[in-house]
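> Task: produce atomic coordinates for the following.
(4 chains)
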Protein chains: 2
Amino acid sequence: MRSIETGEPGHSADQVTVRRTNLALVLRHLRAEGPRSRATVAAELGLTRSAVSQLVAELAERGLVREGRREHGSVGRPGTTVELAGHGIAGLGAELNVNHVNTIALDLAGEVLSERQVALDARTAPAEEVVERLVELVERTVADLARRDVQPVGLTVGVAGLVDEDGVLTHGPNLGWRDVPVGPMLRERLRPAYDVRVDNEGNLAALAEATPGDPDRRDVLVIFGEVGVGGGIVADGRLLRGRQGYAGEFGHMIVEPQGRRCGCGRVGCWETVAGLRALLDQAADPDDPVRDPSLSLDQRLTEINRRADLGDTRTLAALDQVGRWVGVGAAVLANALNPAAIVLSGYFAAVGHHMRSAIETALVDGVLAPGAGGTRVELSTLGFTASVRGGAQAALETVFADPARVERRPLARGALR
Amino acid sequence: MRSIETGEPGHSADQVTVRRTNLALVLRHLRAEGPRSRATVAAELGLTRSAVSQLVAELAERGLVREGRREHGSVGRPGTTVELAGHGIAGLGAELNVNHVNTIALDLAGEVLSERQVALDARTAPAEEVVERLVELVERTVADLARRDVQPVGLTVGVAGLVDEDGVLTHGPNLGWRDVPVGPMLRERLRPAYDVRVDNEGNLAALAEATPGDPDRRDVLVIFGEVGVGGGIVADGRLLRGRQGYAGEFGHMIVEPQGRRCGCGRVGCWETVAGLRALLDQAADPDDPVRDPSLSLDQRLTEINRRADLGDTRTLAALDQVGRWVGVGAAVLANALNPAAIVLSGYFAAVGHHMRSAIETALVDGVLAPGAGGTRVELSTLGFTASVRGGAQAALETVFADPARVERRPLARGALR
DNA sequence: CCTAGTTTGTGCACCGCCCGAGCAAAACGG
DNA sequence: CCGTTTTGCTCGGGCGGTGCACAAACTAGG
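Next up is the predicted model:
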């Protein structure tokens, strides 16, 4: 029943393809199921033990797996577990946002190898300068890696706006940018040996939440809220970009045609009732410190949580009201996409536990399928790092899709038997 | 930039996989590009001429391709074109709807081999009896094929309602059915040699509109309107079902929270403002013949078109108003999914040319991406046969995905060479 | 302690498939 | 009529997975 496809273009297959497929299969299996012996892998994947031995040997030569400890069964010769190694390579993720640029480097197992951030104001600085800051940050991150003899395999940059297939930011209202060729600029300045891609930050956040391999995380919808509301869709394990890469712009769905005017010029956009501003307008008077933009967002959200915990009726009513709207929009999307989970990220993750019941009620009320079609509401635990993590994971995913991308080098002595 | 995937489960590859992949590749290439010589196929697909020769020979043995006419180039030996044959097999599509069941059989090239229909009232008859009618119709269709020595390769049944992965209709409000195991019942009664699958009719209609191979038809959203409104999503060439197969229930998106009560019990569902009833309520008084349910839908829609053509202001205003709402809902979906095309099917296709400008205006107004993100509005030309055609195509797609499913039989004398 | 039984990991022959080279066949042009 | 071009096929070669055999390593039981 899974996935009817309508004629993928695809490419011709030969023995190299077979090898690539099986290398990738073994590597992803080790990621999904954890360390295990060659014999176990063979049984679980339907390959022979000899084939798995050869595949593991090649993955080890590429520095992607290593042998672990002995695994004693009840009887028989004990196996030697094989596990992800991948300390030799890293995926790079970066984010270019209104008031900061930051980077992260993850190894194959998803461990953080380097993390850097620089504050700036993208609205006042020219685009060239902002990109230059990002270039410097990436170069320092790559230097961090070089010190540990780690090779970057790819860089994915998330930006707040619409990005076309070539990596050009065509429309970035929050940054105040239009038609800025971020991807080409980065490639020009970095001249990298690795791939550089640019994507919408909501898409990358969605990728970060869609844990690879978990069947309950193959259909995930991420809703990211701050002043604006955006997100991304992972369906059947694939990130949906749409025809021009503009999918996931949930914030400007019109949910209340007789509602308030939005910053984008339209009336009744979802972010006018579910965005941070809607919450603050209802929860606090204009001179209330939680609306003081000079305080950090974290501080202000902590204060709102404190008031809600103390039972402040105005705060609770505001959270309930906004939660209801979040649920209404979530229901619209759930009717269309029937995701396994809707993950709330950004400011929703910070105060979401106080909105959860209102969201869930509105979701169940608004979805035709009984029990909201099984869609669960979850709060992101990745906080504001979701986009960069997703970017780094996207880069790593190219290795999981084709481990032969990583160069083969003579095995360090004693690394494998 | 295409498709980042997050760890498909996948299956191990060997030489058989290589063969299957390349057989499928050649077959799909012939479908997408039309008849051409082996040498041309080899050049276009990056295979060697010898490989293509062998692949074509095997496809011919399975009855899927045949040689066509001589193809004279400017110089050199002329090639012999190879083209889709597939008169030996057929995909079956069926539909189980409120007032009829019908079937269709398509050959590999999409030509209709058989088409049958029986009227009934699924709301009053017990489910067993309705399924029995469908069984009879399928058996007669299979008999039609047998007379021409054609083998069915699969049957896909579209039903008006939510279908889970096992083919159980869990929720069919228009049929008045709940938890009817349509798939298991059909398999039990037919005991078929071919696959039987059951799916939502909107999903199958979407599949029918997403022409295989066309890059402009890889991201398509179908909106099917009758009394209810439903649809389906094809993204990146794949049909989206969602976690439990409930994706595409657009009709019950809430678009007007202060609006009218819907048959489903909610308030402000899209179908209350975009469904057929909304149009009729605004276009005609209760005693108007266009609202007479004893007349066929075709007749009533023809009358509406006639009035609109004559410039009847009330009719035009109703079409404009409903079109605006169609556009509002389409915009919500386009913001989320950025499809290449939104195809209007069902009653929308019949009167859509009078609603088109209203729809497009509301779409452009409601989508954040400039120019509606490139999303075009199109009217379906498949009429009410979209679902059955999509079902038959889904069955055929299993052959295009794996031509080795069709049995190999000794070549008829002189069929090839 | 020693042996039978079990399981792991590797080596080797075999098979299937695509590649590349070579060749006959079938046109066209001078 | 012969050189040139292009097509479609045949034939070794290499690659990669399968299946079988075998040594290695450990448990259980006498």
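
> contacts and neighbour counts: CA atoms only from here.
Fine.

> From B:Trp177, how far off is the closest residue to DNA strand D within chain A?
Closest to DNA strand D within chain A is A:Arg77: 3.2 Å, counting by Cα to the nearest atom of the strand. For A:Arg77, the distance to B:Trp177 (Cα to Cα, to the nearest Å) stands at 58 Å.

> which residues in chain A form helices?
Taking DSSP state H as the test, the helices found in chain A are A:15-33, A:38-45, A:49-61, A:127-147, A:182-190, A:201-209, A:270-274, A:276-283, A:297-309, A:313-337, A:347-366, A:386-401.

> mind showing which ranges of the stretch 301-417 of chain A have poor pLDDT?
The stretch 301-417 of chain A contains residues with pLDDT under 70 at A:410-417.

> Up against DNA strand C, what does the stretch 1-150 of chain A have?
Residues of the stretch 1-150 of chain A lying close to DNA strand C by Cα under 7 Å from any atom of the strand are A:13-15, A:37-40, A:49-50, A:53-54, A:73, A:75-81.

> residues from the stretch 51-200 of chain A in reach of chain B?
By Cα under 8 Å from any Cα of the partner chain, the part of the stretch 51-200 of chain A that sits against chain B consists of A:162, A:165-166, A:171, A:197.

> same thing but at 7 Å, please
Residues of the stretch 51-200 of chain A lying close to chain B by Cα under 7 Å from any Cα of the partner chain are A:Glu165.

> Export the helices of chain A as JSON lines, with columns for mean neighbour count.
Compiled in JSON lines, these are given as follows (neighbours: other Cα atoms under 10 Å in any protein chain shown):
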{"stretch": "helix A:15-33", "mean neighbour count": "20"}
{"stretch": "helix A:38-45", "mean neighbour count": "17"}
{"stretch": "helix A:49-61", "mean neighbour count": "18"}
{"stretch": "helix A:127-147", "mean neighbour count": "17"}
{"stretch": "helix A:182-190", "mean neighbour count": "17"}
{"stretch": "helix A:201-209", "mean neighbour count": "30"}
{"stretch": "helix A:270-274", "mean neighbour count": "26"}
{"stretch": "helix A:276-283", "mean neighbour count": "18"}
{"stretch": "helix A:297-309", "mean neighbour count": "16"}
{"stretch": "helix A:313-337", "mean neighbour count": "25"}
{"stretch": "helix A:347-366", "mean neighbour count": "21"}
{"stretch": "helix A:386-401", "mean neighbour count": "27"}
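
> so which of those gets nearest B:Asn22?
helix A:15-33 (11.4 Å; Cα to Cα).

> Can you name the residues in contact with that closest one?
For helix A:15-33, the external contacting residues (Cα atoms under 7 Å, 6 or more residues apart in numbering or on different chains) are A:55, A:83-84, A:213, A:400-404, B:7, B:12-14.

> now stretch A:229-238
A:202-203, A:206-207, A:210, A:218-224, A:239-240, A:248-251, A:271, A:275, B:3-6, B:8, B:242.

> tell me the domain ranges of chain A?
Per automatic domain parsing, the structural domains of chain A span A:15-85, A:89-193+A:387-403, A:211-381.

> if we compare those, which one ends up closest to B:Gly154?
domain A:211-381 (23.4 Å).

> Now find how far off-centre that closest one is within its chain.
Offset of domain A:211-381 from its chain centre (Cα atoms, centre = their mean, to the nearest Å): 17 Å.

> likewise stretch A:15-27?
25 Å.

> How about A:Ser53: what's its closest non-neighbour residue?
Nearest residue to A:Ser53, sequence neighbours excluded (Cα to Cα, 6 or more residues apart in numbering or on different chains): A:Arg38, at 6.4 Å.

> Now do the same contact list for that neighbour.
By Cα under 7 Å, 6+ apart, the residues touching A:Arg38 are A:49, A:52-53, A:82.

> Around A:Arg66, count how many other residues there are.
If you count neighbours by other Cα atoms under 10 Å in any protein chain shown, A:Arg66 ends up with 20.

> I'd like to know how far it sits from B:Gly68.
Taking Cα to Cα, one finds A:Arg66 at 55 Å from B:Gly68.

> swap in A:Asp236?
40 Å.

> the more surrounded of the two?
Between A:Asp236 and B:Gly68, counted using other Cα under 10 Å, the more crowded position is A:Asp236 (24 against 17).

> related to what we said a few turns ago, can I get the contacts of A:Arg38 in JSON lines with pLDDT?
Output for the contacts of A:Arg38, formatted as JSON lines (pLDDT from 0 to 100):
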{"residue": "A:Arg49", "pLDDT": "93"}
{"residue": "A:Val52", "pLDDT": "94"}
{"residue": "A:Ser53", "pLDDT": "94"}
{"residue": "A:Val82", "pLDDT": "94"}
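
> closest to chain B among these?
A:Val52 (10.8 Å; Cα to the nearest Cα).

> isn't the closest one right next to A:Glu44, touching?
No - counting by Cα atoms under 7 Å, A:Val52 stays clear of A:Glu44, with 10.9 Å between them.

> shared neighbours of those two, which are they?
Going by Cα under 7 Å, 6+ apart, no residue sits against A:Val52 while also sitting against A:Glu44.

> which residues sit in contact with A:Ala160?
Here A:Ala160 is in contact with A:97, A:172, A:174, A:200-201 (Cα under 7 Å, 6+ apart).

> who's more crowded, A:Arg77 and B:Trp177?
Each of A:Arg77 and B:Trp177 has its neighbours counted (other Cα under 10 Å); B:Trp177 has more, 17 against 10.

> And the more buried one, what's its pLDDT?
What the model reports for B:Trp177 is a pLDDT of 87.

> Not counting its neighbours along the chain, what's nearest it?
Sequence neighbours aside, B:His171 is the residue nearest to B:Trp177 in space, at 6.4 Å (criterion: Cα to Cα, 6+ apart).

> same deal with A:Asn203?
A:Gly232 (4.3 Å).

> Tell me how many other residues crowd the one you found.
Neighbour tally, A:Gly232, other Cα under 10 Å: 30.

> so what's it bridging to?
Counting by DSSP bridges, A:Gly232 is bridged to A:Val222.

> For it, give its distance to B:Asn338.
For A:Gly232, the distance to B:Asn338 - Cα to Cα - is 12 Å.

> Ramachandran coordinates for A:Leu64?
phi -100, psi -20 (degrees, to the nearest 10).

> Just list the residues touching it, thanks.
Counting by Cα under 7 Å, 6+ apart, A:Leu64 makes contact with A:84-86.

> tell me which of those is nearest to DNA strand C?
For the contacts of A:Leu64, the nearest to DNA strand C is A:Leu84 (14.8 Å; Cα to the nearest atom of the strand).

> What number of residues are in the vicinity of the closest residue to the closest one other than its chain neighbours?
Nearest in space to A:Leu84, with sequence neighbours left out and distances taken as Cα to Cα, 6+ apart, is A:Val65 at 4.4 Å. Counted by other Cα under 10 Å, the residues lying close to A:Val65 total 24.

> Right, I'll leave it there.
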